[in-house]
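> fold the following and give me the result.
(chains A and B)
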Amino acid sequence: MIRTELVKTLRRPRTWVTILLLNALPTLVAVLLALTDLGPRPGSGPAFLSAVLADGTLFPLAALAIILPLFLPVAVAVVAGDSVAGEAQQGTLRYLLVRPVSRTRLLVAKLVAVIAFVLLAVVVVAAVAYVVGSVLLGDQALAASVSGTVLTPAQVAVRTLLAIGYITLSMLGVAAIALLLSTMTDSPLAAALGALAFLIASSLLLTLDAAQTLQPYLPTRYWLAFVDLFRDPIFWRDIVRGIGLQAVYVVVFLGAAWANFTTKDITS
Amino acid sequence: MITTTQLTKRYGGILAVDGVSLDVQPGDIYGFLGANGSGKTTTVRMVLGLVLATSGSVDLLGRRMPRAGRAVLPRVGALVEGPAAYGHLSGRANLALLDSSGTGGTRRSRSTRIDAVLEQVGLAAVGRRPVKAYSLGMRQRLGLAAALLRQPELLVLDEPTNGLDPQGIREIRELIQGLHRRGTTVFLSSHLLAEVEQLCTRVGVLDRGRLVLQDSLASLQRPTGRTVVHTPDHERAHVLLDGRVEHREGERLIVRGADPAALNALLVADGVRVRELGPERRTLEQVVLAATEHPDHQVGVS
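Just a heads-up that it's a prediction; the model follows:
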C-alpha cells in the first residue's frame, strides 16, 4: 500500500509542479544576488544569505531558509490536506476501502507519501540551489560557520544533510494537522487552508510576548533551529526540542486522525 | 451471500435504513429496488463496511462485517454510486493501481487480468487514454472492469447502467447475465423497474428505509387467479359470464377464474369472438406500487 501511494504521488503532475515552484524563488534570489552583488547585511534577511556572496556552496542552506517559513509549509499543507479528502472528493476513497485497504494502513501510507514528498522537495531544492549557487555565486573552498570558525567542505556537506533531515522532520507537524483535517472533510481545500490557518496563528503567537508560555509548544517554534547545525560546535538543544515537539504533534494529531477515520461513515 | 438482520442506520434524527433484513442467496441476481433517497445506497455501503450500522448486523459471504472485511471483500466486486478514477491516469493505470492497493489477485497475472476485463467491458481500445478524456459511459464501464478484476464470487452493483446509451445498457445486461451463468451472484441496486424485471431472479423493495417486499420475481409475477379477455363482443360476454366479470376497460375484461382454456371454450361455444385471452399476471410495477402505499412519488418507471 505504501508503495502504491508513493507511485501515486510521483505520477501526479502536481507533485512536480509544486517542486518546480518551490525552486523558483530561491533561484530568482540567486540571480538577483549575482547580478547586483548586493547581499543583506549580516544578521538581517533570511539565514545564510549574507554568507552566500562569499561562498556559493552555502546557497542550498539559504534556499531552504527562504522556502521554510511559508512556501514549504504551504506545499505540505496542500499535499497532506489533499491526501484523504482528495480521494473522498474524487470518489476513489470508497473503492480503495472496499478493495479492501484497511483504514489504518491507508492513513499511514498517506503520511509516508507526504513525508516522501517533503524529503523529495527539500532534496531537489537543495540540489538545484547547490548548482545555481556554484555557477552564479562561485565557490570558495572554506566556508565560515555561523560562529565564525571555518568549516571544511566535508563538514558543510554532512551538516547540510542533517539540515535536510531536520527540515523534513519539521514539516511532520503540519502534515499531521493537515492529515487530521483531511479525514474530517471531503474538501481538500478546506483541509489545506485549515492547516495553514493553524500555522499562521502559530507564527503570529511567536511574535507576541504575552504568548510566551505557549511558545515552546507552537509547531513553528523550532523550525529555524536548523541554523544551529552550523554553529561550531553544533548547538543541539533547540534541535532536539524541535524533533521532540514534532514527534508529539505527529502522535497527537495522527492519533486523532486515526480515531476519526477508522470510525467514520464513508459517505463520499 | 448477503444476510442482514434488522439493519438500521440513523443519521441524527433521520432513520435512513430501518430494520432491513436482506437475504441474498448464492446464484441470485438480486434486484434491490427503491426510489432515490429510500436508503438503497446507505444499505449497500453498510453491506460493504463503508458506513457503520447503528444497530443490526451484516454477514457477507458468511462472515460478520465490517470486522471480516479484509477476508471477504477481496472476493467481492463493487460499483458504489457511480464510478471513480484518477483522471490524469489511463484506464489501465487506474486498474493496476487499484489492484496493487490490496490483497487477492497476484502481481504476475495483473496485466493479463486487466486486458481481460477491459476486453469484457468493451474498453480494450481506449484503455491507454487518460480517464479524464472518457465519457460517462466509458467511466461506468471502467468501474465495472475494476469490480470484475479479481473474478469475484459476488458482484455488488449500484445503478450499473447509469449514463449508458441503450446499446451500452444491453451490453452490460448481457455481461451480467454471462457472469451469472458462470456462477457469479449479483446484487443489483436500481431505481429502474424495467432493468430489474429483465435481469433479476429475486427482488427486494425498499421504501423509506424499510424493506417492504422480498420474493422471487417468478412468484411475484405468478398468475393472479383471474383471466384477461379481449373481445369485441364484450356486452354479450358480460351477460354470458354473469357476475364473473370483475372489471371492464373498453374491450378488455378481467374475469374471475384461473382456467383460460375452459373460459375460451365457453365463450366461443356461445359465439363470442375472442381476440386475446390469457391468465392475468401482475407486472413488477404493479407489485411494487402496491407494496409502497403512497403511489404518487414512487419508484421511477422506465
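> residue of the stretch 101-250 of chain A closest to chain B, please.
Nearest residue of the stretch 101-250 of chain A to chain B: A:V101, at 5.3 Å (C-beta to the nearest C-beta). Backbone N, C-alpha and C define where each C-beta goes, glycine included.
> where does the chain have low pLDDT?
Here I'm looking at chain A. By pLDDT under 70, the low-scoring segments of chain A are A:42-45, A:139-145.
> could you do chain B instead?
Going by pLDDT under 70, which is the cut-off in play, chain B has low-confidence ranges at B:105, B:294-302.
> got a list of contacts for the top helix by length along it?
Within chain B, and with DSSP state H defining each element, the longest helix by residue count is helix B:166-181. With contacts defined as C-beta atoms under 8 Å, 6 or more residues apart in numbering or on different chains, helix B:166-181 is touched by B:27, B:29, B:120-122, B:137, B:140-141, B:144, B:148, B:155, B:157, B:160-161, B:164, B:186, B:188, B:195, B:198-199.
> what about it, distance to the chain center?
Its chain's C-alpha centre and that of helix B:166-181 lie 12 Å apart, by C-alpha atoms, centre = their mean, to the nearest Å.
> list the buried ones in that helix?
Within helix B:166-181, the residues scored as buried using 16 or more other C-beta atoms under 10 Å in any protein chain shown are B:G168, B:I169, B:E171, B:I172, B:R173, B:L175, B:I176, B:L179, B:H180.
> just the CA trace of stretch B:144-154, in CSV.
As requested, C-alpha coordinates have been extracted for stretch B:144-154 and formatted as CSV (Å, rounded to 0.1, in the frame of the first residue of the first chain):
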residue,chain,number,x,y,z
LEU,B,144,-17.4,-2.4,-13.9
ALA,B,145,-14.0,-3.5,-15.1
ALA,B,146,-12.5,-2.7,-11.7
ALA,B,147,-15.2,-4.7,-10.0
LEU,B,148,-14.5,-7.7,-12.2
LEU,B,149,-10.7,-7.6,-11.9
ARG,B,150,-10.4,-10.5,-9.4
GLN,B,151,-13.3,-12.6,-10.7
PRO,B,152,-15.4,-12.0,-7.6
GLU,B,153,-18.0,-14.5,-6.3
LEU,B,154,-20.3,-11.7,-5.5
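> is any residue of that stretch near chain A?
Yes: on the criterion C-beta under 8 Å from any C-beta of the partner chain, stretch B:144-154 is in touch with chain A at B:A146.
> can you list contacts of that stretch?
Contact with stretch B:144-154 is made by A:95, B:1-2, B:60-61, B:74-79, B:83, B:91, B:94-95, B:98-99, B:104-105, B:113-114, B:117-118, B:120-121, B:123, B:155-157, B:160, B:172, B:175, B:179, B:183-187, as judged by C-beta under 8 Å, 6+ apart.
> that stretch: which residues count as buried?
Residues of stretch B:144-154 classed as buried: B:L144, B:A145, B:A146, B:A147, B:L148, B:L149, B:R150, B:Q151, B:P152, B:L154 (neighbour count, 16+ other C-beta under 10 Å).
> what comes up buried for the biggest strand by length in chain B?
With DSSP state E setting the assignment, residue counts place strand B:2-11 as the longest strand in chain B. Neighbour counts over strand B:2-11 (16+ other C-beta under 10 Å) mark B:I2, B:T3, B:T4, B:L7, B:T8, B:K9 as buried.
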